[in-house]
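**Student:** build the 3D model from these lines:
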Amino acid sequence: MYCERTFLSNEELQKHAINHEKVRPFKCMKCPKTFAYKQGLERHEVTHDKNLPFPCEHCDLSFATAGKLARHLTAHAGNRPYPCRWCNRAFMLSHHLTRHVRAHQGGQGAYKCTECTEVYYSQDELIYHSAVHATESKTCPLCREQFDSLEQVTDHIKHHSEGVQYACDYCDLLFTSEKRLDDHCQAEHLSVLAMEAEDLQAAEASKAQQDAEEAQQYIIEE
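**Tutor:** Numbers count the residues shown, from 1 in each chain. The predicted model follows:
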């Protein structure tokens with residue numbers, strides 16, 4: 001929550017929230033990050049606590065859960081370092097890209113409608129198609145956000161078509177901001193994130209051990 005103001009509609013609330021996003025007066029004293037509201041800064045400051053159980057091996061941040069560490073580790077890998085050569089999507093992990101490429105190679109569209117069996121070869125085609133389902137439920141079929149009126153959901157879908165889209169690597173939903181994608185992953189895919197964090201840590205530990213053994217072997221040969 002940014003402030004204590006209340007609004008009669010979700011549309012008015014969203015318009016007001018934009019003002020908070022533009023102004024970020026709360027600055028972390030330990031890194032360059034800034035925040036629009038004090039609660040956000042307080043949640044972030046906890047990551048600098050060395051006593052948290054999931055420390056990052058690449059920087060001085062630590063995390064309370066394996067899922068949060070998994071999301072953070074992607075920042076060290078360039079966020080989405082595995083781009084698809086056939087479309088504009090990119091992925092955090094290589095096996096996510098492999099799964100996605102199979103859709104292209106199998107002659108299927110890579111963009112699937114979550115409401116019906118239709119598939120499309122471009123994100124724009126999927127967004128255009130999604131308006132059909134939105135008129136029936138007042139729910140965005142791309143990200144599952146609900147609205148009070150058909151006008152609101154129609155305007156929302158336009159945002160999907162105008163800006164950068166953040167695709168979930170674990171399902172077929174799309175989001176208009178990285179924060180909304182993060183919130184979705186924490187709510188719906190936390191167990192998968194935790195397992196991937198453990199896999200990443202195990203792989204890094206194995207690589208470190210291999211490097212140490214190779215260095216020791218080099219010393220012996222010398």
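**Student:** how far away is residue 61 from residue 210?
**Tutor:** Distance of residue 61 to residue 210, given as CB to CB, to the nearest Å: 25 Å. In short, each C-beta sits where N, CA and C put it, glycine included.
**Student:** these two: who's more crowded?
**Tutor:** Neighbour count, other CB atoms under 10 Å: between residue 61 and residue 210, residue 61 has more, with 21 against 10.
**Student:** so that one is in contact with residue 45, correct?
**Tutor:** No - contact criterion CB atoms under 8 Å: residue 61 and residue 45 do not qualify, at 10.7 Å.
**Student:** list the residues that contact both of those two?
**Tutor:** Common neighbours of residue 61 and residue 45 are not found (criterion: CB atoms under 8 Å, 6 or more residues apart in numbering).
**Student:** distance-wise, check residue 171 relative to residue 43.
**Tutor:** Distance from residue 171 to residue 43, by CB to CB: 25 Å.
**Student:** of the two, which one has the most company?
**Tutor:** residue 171 (14 against 11).
**Student:** okay but the more buried one is in contact with residue 188, surely?
**Tutor:** Yes - in this structure residue 171 lies within contact range of residue 188 using CB under 8 Å: 7.3 Å.
**Student:** at which residues are the helices of this protein located?
**Tutor:** Under the criterion DSSP state H, the chain contains helices at 10-22, 38-45, 66-76, 94-105, 123-137, 150-162, 178-188, 190-221.
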